[in-house]
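Trainee: Any chance you can model this:
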Amino acid sequence: MRALGLSLGLAWLVFLQPFPAWAAPEVPKGENQSMVLLRKAVELSRTKALYPPPDEALASAQAVRGYLNAFGDAYSTYLSREERLVLKELDRPDYAGVGMEVIQAPRKGILCVPFDAGPAHSAGIRSGDRLLAVDGESVTGSSLELLPSRVRGPVGKPVVLTVAGADGRERKIKIVRARVSRPVVESRLDGDMLKIRIYRFEKETPELVAQGLRLNPDREKIIIDLRGNIGGELKAAVDTAALLLPPGSLVASVLGRPGSEGRTVQHRTDRQDGQYAGRRIVIWQDQMTASASEVLIAALAYHGGAVTVGHRTFGKGLVQETFPTSDGGLFIITTGELLPPDGRSFNHLGLEPKFPIPIDKDLNYYTRRTAEAFKTRL
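Mentor: This is a model prediction of the structure:
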């Protein structure tokens, strides 16, 4: 049956000469066989192929991305100099987006995380929808970092996104591009509680959280809302945790590749940290809460006794580093795994909440479950 399958698979090919016997290209001493094959493919496409690559820079970038993703790593990628210039061009003042972030989910594809009340959300995109196409062109195999170049465009000009929900049903949604801004952190009082919503972990996140805490130093009850927060900078998450944990607390460890020097790197709070340690904390999380957000959740739950409410988190426990190239390109490479203080990996698994909420429940349900969560700590 295997031989039959092979003959059928090649039946449509027309050879100008007998199919040659296999002979591997000669490998120069000290060189890798796969690199020799890659160079041979480039040579043949340039000199023999009926359809040579129309854009060699693009073809090279796609080949490199294919190599990086061939081993199941959905997050390592490469951006050529030309691609980085295209992305920089998108910052033009006359360009806008749809108010949405995206995250790569292994085995699921690209998932949507729309901003509350933004154009995408208002048009019908829901958190966790799988993005299938942009203006009718499939996103399968697309680099996550390059998607903005396909979604962003002139202010007021519509774009059509094809998405699929949890039921698998496809929907084509027309969205008018608009300028959308969203704060990094929002803090407000709600009765005897301080609510801090963290949308993204960036350089300024710890100071913005600290500002909210300083303005309300007497509030013992704190809700930290991490719903839809897909992560950001690890250091920002560590420094945010440091505000609420005792000095010297282990926030996370990064486990590098086997055999590497300094394989495990620990991230701890400093001796002068912990100004607001001891507060009673409830954390809101959902299925799009990922990466740096999961680091904060695990650390506050382990050391600070924080109670979690919501859904199981996304489960992205990997760290990427950037490596620029001499020609202006950029490699983004997964270099380590994030481990919480208890040492148990959450990559692909996520973090289960202490107080789970059905996926279809609204904000009022979070509020009711939060009241129950605070009672458990009285």
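Trainee: Tell me how the chain divides into domains.
Mentor: Using automatic domain parsing, the domain ranges for the chain come out as 84-176, 185-375.
Trainee: Of those domains, which is nearest residue 60?
Mentor: domain 185-375 (9.5 Å; C-beta to C-beta). For glycine as for every other residue, the C-beta is placed from the backbone atoms N, C-alpha and C.
Trainee: count of neighbours near residue 97?
Mentor: 22 (other C-beta atoms under 10 Å).
Trainee: can you pull the contacts of it?
Mentor: Counting by C-beta atoms under 8 Å, 6 or more residues apart in numbering, residue 97 touches 148, 151, 152, 177, 178, 180.
Trainee: can I have stretch 356-367 written out in CSV, keeping just the CAs?
Mentor: Provided in CSV are the C-alpha atoms of stretch 356-367 (Å, rounded to 0.1, in the frame of the first residue of the first chain):
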residue,chain,number,x,y,z
PRO,A,356,-14.2,29.0,38.3
ILE,A,357,-16.7,30.8,36.1
PRO,A,358,-18.6,29.3,33.2
ILE,A,359,-17.3,30.6,29.9
ASP,A,360,-20.5,32.3,28.9
LYS,A,361,-21.0,34.4,32.2
ASP,A,362,-20.7,38.2,32.2
LEU,A,363,-19.0,40.7,34.5
ASN,A,364,-21.7,40.5,37.2
TYR,A,365,-20.8,36.8,37.7
TYR,A,366,-17.2,37.8,38.3
THR,A,367,-18.4,40.3,41.0
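Trainee: Going by neighbour count, which residues of it are buried?
Mentor: Across stretch 356-367, burial judged by 16 or more other C-beta atoms under 10 Å covers 357, 366.
Trainee: Pull the residues that contact it.
Mentor: By C-beta under 8 Å, 6+ apart, stretch 356-367 touches 166, 284, 287, 309, 310, 311, 312, 369.
Trainee: about what we covered before: same list (the domains of the chain) but as TSV, adding mean pLDDT and distance to residue 49.
Mentor: Listed next are the domains of the chain as TSV, based on pLDDT from 0 to 100; distance: least, C-beta to C-beta, whole Å:
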stretch	mean pLDDT	distance to residue 49
domain 84-176	92	20
domain 185-375	93	25
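Trainee: highest average neighbour count across those?
Mentor: Most buried of the domains of the chain by mean neighbour count (mean count of other C-beta atoms under 10 Å) is domain 185-375; its value is a mean of 18.
Trainee: what's the first-to-last distance across that domain?
Mentor: Here the two ends of domain 185-375 are set 27 Å apart, with distance taken as C-alpha to C-alpha, to the nearest Å.
Trainee: Helices - which of the contacts of residue 97 land there?
Mentor: Judged by DSSP state H, helices contain the following of these: 148, 151.
Trainee: State the helix or strand in which residue 367 lies.
Mentor: Using DSSP states H and E, residue 367 sits within helix 363-375.
Trainee: ok, now residue 230?
Mentor: For residue 230, there is no host helix or strand (DSSP H and E).
Trainee: Residue 300: what's it in contact with?
Mentor: Counting by C-beta under 8 Å, 6+ apart, residue 300 touches 224, 241, 244, 245, 281, 283, 306.
Trainee: So the fourth one is in contact with residue 299, correct?
Mentor: Yep, that's residue 245 we're talking about. Yes - contact criterion C-beta atoms under 8 Å: residue 245 and residue 299 qualify, at 6.5 Å.
Trainee: Overlap of the contact sets of these two?
Mentor: Jointly contacting residue 245 and residue 299 under the rule C-beta under 8 Å, 6+ apart are residue 251.
Trainee: Give the closest residue to the residue positioned nearest the centre of the chain in space, chain neighbours not counted.
Mentor: Nearest to the centroid of the C-alpha atoms of the chain, with distances taken as C-alpha atoms, centre = their mean, sits residue 103, at 4.2 Å. Once flanking residues are discounted, residue 103 sits nearest to residue 230: 4.8 Å by C-beta to C-beta, 6 or more residues apart in numbering.
Trainee: so where do the helices sit in this protein?
Mentor: Assigned by DSSP H, the chain shows helices spanning 2-10, 33-47, 56-69, 81-89, 119-123, 148-151, 205-215, 234-244, 292-304, 363-375.
Trainee: is it true that residue 178 touches residue 156?
Mentor: Yes - with contact defined as C-beta under 8 Å, residue 178 reaches residue 156; the gap is 7.5 Å.
Trainee: For the closest residue to residue 82 other than its chain neighbours, list the residues it contacts.
Mentor: Leaving aside its chain neighbours, residue 82 sits nearest to residue 57 (5.5 Å; criterion: C-beta to C-beta, 6+ apart). For residue 57, the contacting residues are 80, 81, 82, by C-beta under 8 Å, 6+ apart.
Trainee: Let me know whether residue 246 touches residue 269 as I believe.
Mentor: Yes - if you go by C-beta under 8 Å, residue 246 and residue 269 touch, sitting 7.3 Å apart.
Trainee: if I look at the closest residue to residue 53 other than its chain neighbours, how far off is residue 35?
Mentor: Once flanking residues are discounted, residue 53 sits nearest to residue 59: 3.8 Å by C-beta to C-beta, 6+ apart. Distance, residue 59 to residue 35, using C-beta to C-beta, to the nearest Å: 17 Å.
Trainee: Just want to know which of the two has more residues nearby.
Mentor: residue 59 (14 against 11).
Trainee: looking at it, that one is touching residue 49, isn't it?
Mentor: No - assessed by C-beta under 8 Å, residue 59 is found out of contact with residue 49, at 11.1 Å.
Trainee: chain center to stretch 56-68, what's the gap?
Mentor: When distances are taken as C-alpha atoms, centre = their mean, to the nearest Å, stretch 56-68 is centred 21 Å away from the chain's centroid.
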